[in-house]
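> okay, predicted coordinates and the sequence, questions at the end:
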Amino acid sequence: MQHICPICGKEFEGRADKIYCSKKCKGEVQKAQKREKRAAEKQYRKRLCIICGEEFIPTTGAQLCCSPKCSAIRKRQLGAEYERVKAQRLEAERKEQEQRSKRGASTMDDLARIAREAAEHHMSYGEYIRLMEARGRIR
């Protein structure tokens, strides 16, 4: 059966369901269809820039800014935010360390007091602790 290729206009012979004369012509059609599909998808992929609010089509899935200028502003903001969070974390760690050292000092004071009491009773620390545990004064 004779056909005319809709891409190159060449006349060719083939089955009744054959439309294009070659793989090259069929590939051209597929490329064009793919381009159209991507163009249509781009309309759905539009985003708003998180810095200036301008609408843009991202080139990657992670892109949040419309331009290098807005990206630079975002990097500065993220850097400042990182430093602020880091300072807060360091301050919290410092306070926690202070509280730990205060608790540790009281624990050391308790140990020293118990050791003095044991010495006053002419006992070792372990013997004194066993005695106090037996009397129910220490858990």
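Nice, I can see it. Numbers count the residues shown, from 1 in each chain.
> please make it C-alpha for all contacts and neighbour counts, starting now.
Noted.
> remind me what the longest helix belonging to the chain packs against, helices and strands.
Longest helix in the chain by number of residues (criterion: DSSP state H): helix 68-120. When contacts are defined as 3 or more C-alpha pairs under 8 Å, 6 or more residues apart in numbering; DSSP states H and E, helix 68-120 packs onto helix 125-135.
> distance from the chain centre to the helix or strand of the chain with the lowest mean pLDDT, please.
The helix or strand of the chain with the poorest confidence is helix 23-45; it has a mean of 84 (mean pLDDT, DSSP states H and E). In terms of C-alpha atoms, centre = their mean, to the nearest Å, the centre of helix 23-45 is found 34 Å from the chain centre.
> which residues are contacting the helix or strand just after that helix?
Helices and strands here follow DSSP states H and E; after helix 23-45, the next one along the chain is strand 47-48. Among residues not part of strand 47-48, those counted as contacts by C-alpha atoms under 8 Å, 6 or more residues apart in numbering are 54-58, 64-66.
> pull up the pairing partners for strand 47-48, direction included.
strand 55-56 (antiparallel) (DSSP bridges).
> buried sites along stretch 23-33?
Within stretch 23-33, the residues that qualify as buried are Cys25, counting by 16 or more other C-alpha atoms under 10 Å.
> run a quick neighbour tally on the closest residue to Tyr128 other than its chain neighbours.
Nearest residue to Tyr128, sequence neighbours excluded (C-alpha to C-alpha, 6 or more residues apart in numbering): Ala118, at 5.4 Å. A total of 18 residues lie near Ala118 under the criterion other C-alpha atoms under 10 Å.
> what's the spacing between Ala118 and Tyr125?
6 Å (C-alpha to C-alpha, to the nearest Å).
> flag the shaky bits of the protein, pLDDT-wise.
42-44, 103-106, 138-139 (pLDDT under 70).
> that's a strand at Ile7, yeah?
No. Counting by DSSP: H, G, I helix; E, B strand; the rest coil, Ile7 is not part of a strand but coil.
> which residues touch it?
20, 25, 28-29 are the contacts of Ile7 under C-alpha under 8 Å, 6+ apart.
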